[in-house]
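Engineer: Turn this into a model:
(chains A and B)
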Amino acid sequence: MARSKPGARNARRNAQAAGRAQHQADVYTRMAGEEGFLELKRRYQRFAFPATIAFMVWYITYVICNNWARDFMRTPVIGNINVAVVFGLLQFASTFAIAFFYARHAGKALDPLAEKLRLDFEKETGQ
Amino acid sequence: MINLLVPMATGNRALTIGLFLVVVALTLGITFWASRQNKTTADYYAGGRSFTGFQNGLAIGGDYMSAASFLGISGSIALYGYDGFLYSIGFLVAWLVALLLVAELLRNSGRYTMADQLAYRMRQTPVRSAAASSTIVVSIFYLLAQMVGAGSLVGLLLGVTSPGLKNLVIVGVGVLMIIYVTFGGMKGTTWVQIVKAVLLMIGTLLITVLVLAKFGFNLSELLGAAAEKSGKGAAFLEPGQLYGKDLVGKFDFLSLGLALVLGTAGLPHILIRFYTTPTAQAARKSVLWAIGLIGSFYLMTLVLGFGAAALVDTSKGSEVATSSGNAASPLLAQAVGGGEGTLGGAILLAAISAVAFATILAVVAGLTLTSASSVAHDLYASVFKKGQASEKSELIVVRIAAFAIGAVAIALAIPAQRLNIAFLVALAFAVAASANLPALIFNLFWRRFNTLGATCSIYGGLICAVVLVIFSPVGSGTATSLAPGMDFAWFPLRNPGLVSIPFGFLCGIVGTLISKDTSSQLRYDELSVRSLTGAGAEKATVH
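Structural biologist: Residues are numbered from 1 along each chain as shown, chains lettered A, B, ... in the order given. Next up, the predicted model:
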């Protein structure tokens, strides 16, 4: 008798926790099919995927030019600065630019919507 | 990286040692301050998730910019001109993978280790074992390279030549890193990295400005002077001095380029840094800061490298050449400070040496913490104890693991000094790109991906990369190979990435498709919602 009481309490607590977890899982699944989340996913992918392809192609082009387009790379541009140096510096510039534009896109198009969905989720699951 | 050791005959050794001791005292002070705040596992593994985007950005820079990139890249430019610059471009562009595809999503869906994210919707034991294996292999490779480099570098900077003293340096660095990690945890390690990043940026900026001032802030003039002094003329400013001399060399360079750009976002010690911020937005900000810092740092190493080529003796047999370029930046600092024998030269030489020392300490601490976390959190708490380990026991195990990993690293680094282990960093990037990145990307973006796919891509990429290196000219067949007397090399490329990265992705696809397991799809929606919105993500701890 003395031992069964905490045992029962534990069982009740476990059942409650399992119930909460199930409820949470249901909310996740439902949200995944709702327009708000699908829109967020579209907005994220619309930037991230093309940008990834673009910088990979741009970077691999640079690597390939270093290997197989050396005449082009040694063309002088200004003074002692040649195409190879400019191309290398442009890799820095493009990296900074993509980072900047992604930050702007995320701040405008992703964060407000993600925040709204997160608050909805927390309201519903009581977190 | 460096096999030969020539003492830096100049500069004031007492001053250098004094500054080294200041670095040690400062970092130990930080560690003991941080040790009093480590109460929970979230504190120990993730610094309580309380670092701001800017702080974590600095720490990422501190974790990422190793002595190999500080001394190695500028030295490589000093010796080989333009080709030395190519490493830094791969190292920087790689951050876009982390920014666009990994950092925020990982922050929202993991807790402490890389495996947390991979095991989110998979069977725990096999996936965590696989992820822990690759975490430990990558971190130990990287750590060994850093430790052996540390022995040579500190020897070079202090003018120590005897092998006994170099071993002592390795043991000393190892003991320091064990202290940082066991007592300071993520909080202590992060602050050590922040301090190092600030010192590194200030030191590099100072030398860069002094070098540019000598050339009227005209890049063309600097390049011209470097090309002329190098004795190679215009060819010094063009690709081809170091990489791609023949067809195999060209493919080797392509392979290296791929591993560099895809490896960063799969390096476990970088990934766990994203858990130290309170939100995904802060994780994004930290990557943006990191890109700014790392990018400007590599631009400055360009000036440092060409500056050294123009202002320091880099001819055959010179100190720069015999140290494989590692002495270039410190000697350049001495030259722009006023030259050998002047007070300004001695101060700048000592200061840059101390910065290089701080750099080594911060990077090895981050690597040790990463492996120890994976041992305690993935192997002990999840695989061995099936998630039933108490927080207290996990915190004890992680400290024991840090101690053991540190001891192993010291024990391996001492004999490894005789070997040419420069390939280990490139190999760590190749494994990260071949084993970790495919699993992370598939887990986030491919609903069908399952446990067998995850374990196949991790083990497949890992084993493929390591085996190809063993059977490459790095392993045998040349005078600088690990086994110089034998020849069992059949794979021509020194860097395995060109084959092992596609192989890792392929293993993930094949493993997924041959398995009928669909249970991982049940939680895919949950993972997607959580990773993109932050709903249900781990929160910062409040003290």
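
Engineer: Just give the number of residues close to the residue lying closest to residue B:336 once chain neighbours are set aside.
Structural biologist: Spatial nearest neighbour of residue B:336, excluding adjacent residues (CB to CB, 6 or more residues apart in numbering or on different chains): residue B:210 at 3.9 Å. The C-beta positions use only the backbone N, C-alpha and C, and glycine is treated the same way. For residue B:210, the neighbour count with other CB atoms under 10 Å in any protein chain shown is 18.

Engineer: for residue B:316, same thing?
Structural biologist: When neighbours are counted by other CB under 10 Å, residue B:316 comes out with 7.

Engineer: Am I right that it sits in a helix?
Structural biologist: No. Assigned with DSSP: H, G, I helix; E, B strand; the rest coil, residue B:316 falls outside any helix and is coil.

Engineer: separation between it and residue B:351?
Structural biologist: Residue B:316 sits 29 Å away from residue B:351 when distances are taken as CB to CB, to the nearest Å.

Engineer: again with residue A:102
Structural biologist: Distance from residue A:102 to residue B:351, by CB to CB: 36 Å.

Engineer: next one: residue B:394
Structural biologist: For residue B:394 relative to residue B:351 (CB to CB), the value is 41 Å.

Engineer: following the helix or strand bottoming out on mean pLDDT in chain B, which helix or strand comes up?
Structural biologist: When each helix and strand of chain B is scored by mean pLDDT, DSSP states H and E, helix B:67 comes last, with a mean of 81. Next helix or strand after helix B:67 toward the C-terminus (DSSP states H and E): helix B:74-80.

Engineer: give the contact list for the most centrally placed residue in chain B.
Structural biologist: Centroid-nearest residue in chain B: residue B:64, 4.8 Å away (criterion: CA atoms, centre = their mean). Applying CB atoms under 8 Å, 6 or more residues apart in numbering or on different chains to residue B:64 gives the contacts B:91, B:264, B:270, B:290, B:294.

Engineer: What residues does the stretch 151-300 of chain B have near chain A?
Structural biologist: B:219-221, B:223-224, B:227, B:234, B:237-240, B:243-244, B:250, B:253-254, B:257-258, B:261, B:280-281, B:284-285, B:287-288, B:291-292, B:295, B:298-299 (CB under 8 Å from any CB of the partner chain).

Engineer: So which of these are in helices?
Structural biologist: Among these, DSSP state H puts B:219-221, B:223-224, B:227, B:250, B:253-254, B:257-258, B:261, B:280-281, B:284-285, B:287-288, B:291-292, B:295, B:298-299 in helices.

Engineer: what pLDDT does residue B:543 get?
Structural biologist: pLDDT, residue B:543: 58.

Engineer: now residue A:5
Structural biologist: On the pLDDT scale, residue A:5 gets 57.

Engineer: can you check residue B:503 too?
Structural biologist: Value for residue B:503, per-residue pLDDT: 98.

Engineer: Could you measure from it over to residue B:465?
Structural biologist: Counting by CB to CB, the gap from residue B:503 to residue B:465 is 8 Å.

Engineer: more crowded one of these two?
Structural biologist: Using other CB under 10 Å as the criterion, residue B:503 and residue B:465 rank with residue B:465 on top: 31 against 21.

Engineer: Secondary structure element holding that one?
Structural biologist: helix B:451-470.

Engineer: I'd like to know which elements that helix is packed against.
Structural biologist: helix B:124-158, helix B:423-431, helix B:437-445, helix B:497-514 (3 or more CB pairs under 8 Å, 6 or more residues apart in numbering or on different chains; DSSP states H and E).

Engineer: Could you list the buried residues of it?
Structural biologist: B:451-466, B:468-470 (16 or more other CB atoms under 10 Å in any protein chain shown).

Engineer: and what of stretch B:511-523?
Structural biologist: Under the neighbour-count criterion of 16+ other CB under 10 Å, stretch B:511-523 has B:511-512, B:515, B:520, B:523 buried.

Engineer: that older thread, give me phi/psi at the residue nearest to the centre of chain B?
Structural biologist: phi -90, psi -40 (degrees, to the nearest 10).

Engineer: Which parts of chain A belong to which domain?
Structural biologist: A:1-33, A:35-125 (automatic domain parsing).

Engineer: Start and end of the last one, how far apart?
Structural biologist: The straight-line separation of the ends of domain A:35-125 (CA to CA, to the nearest Å) is 19 Å.

Engineer: tell me the mean pLDDT for it?
Structural biologist: 95.

Engineer: Which helix or strand contains the closest residue to residue B:147 other than its chain neighbours?
Structural biologist: Closest residue to residue B:147 apart from its sequence neighbours, by CB to CB, 6+ apart: residue B:413 at 3.7 Å. Applying DSSP H and E as the criterion places residue B:413 in helix B:391-416.

Engineer: Next, the contact list for the residue found closest to residue B:263 once you drop the neighbours it is linked to in the chain, please.
Structural biologist: Closest residue to residue B:263 apart from its sequence neighbours, by CB to CB, 6+ apart: residue B:429 at 3.2 Å. Counting by CB under 8 Å, 6+ apart, residue B:429 touches B:259-260, B:263-264, B:267, B:497.

Engineer: Max pairwise distance over those: which two?
Structural biologist: Comparing all pairs in those by CB to CB, the longest separation belongs to B:267 and B:497, at 13.9 Å.

Engineer: one step back: report the mean confidence score over the helix or strand containing the residue nearest to residue B:336.
Structural biologist: Remark: residue B:210 resides in helix B:185-214, with elements defined by DSSP H and E. The average of the pLDDT scores along helix B:185-214 is 95.

Engineer: Same question for stretch B:458-475.
Structural biologist: The average pLDDT for stretch B:458-475 rounds to 94.

Engineer: Any chance you could list what contacts that stretch?
Structural biologist: Everything outside stretch B:458-475 that qualifies as a contact, by CB under 8 Å, 6+ apart, is B:118, B:130-131, B:133-134, B:137, B:423, B:427, B:430-431, B:433-436, B:438-439, B:481-483, B:488-494, B:496-497, B:499-501, B:503-504, B:506-508, B:511.

Engineer: which of the residues of the stretch 151-300 of chain B next to chain A are buried?
Structural biologist: Using 16+ other CB under 10 Å, the buried members of these are B:219, B:221, B:223-224, B:227, B:237-240, B:243-244, B:250, B:253-254, B:257-258, B:261, B:280-281, B:284-285, B:287-288, B:291-292, B:295, B:298-299.

Engineer: Residue B:115: neighbouring residues, count only.
Structural biologist: The burial count for residue B:115: 32, using other CB under 10 Å.

Engineer: Mind putting the contacts of residue B:429 into TSV with neighbour count and pLDDT?
Structural biologist: Converted to TSV, these look like this (neighbours: other CB atoms under 10 Å in any protein chain shown; pLDDT from 0 to 100):
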residue	neighbour count	pLDDT
B:259	28	95
B:260	27	94
B:263	29	95
B:264	26	94
B:267	29	96
B:497	29	96
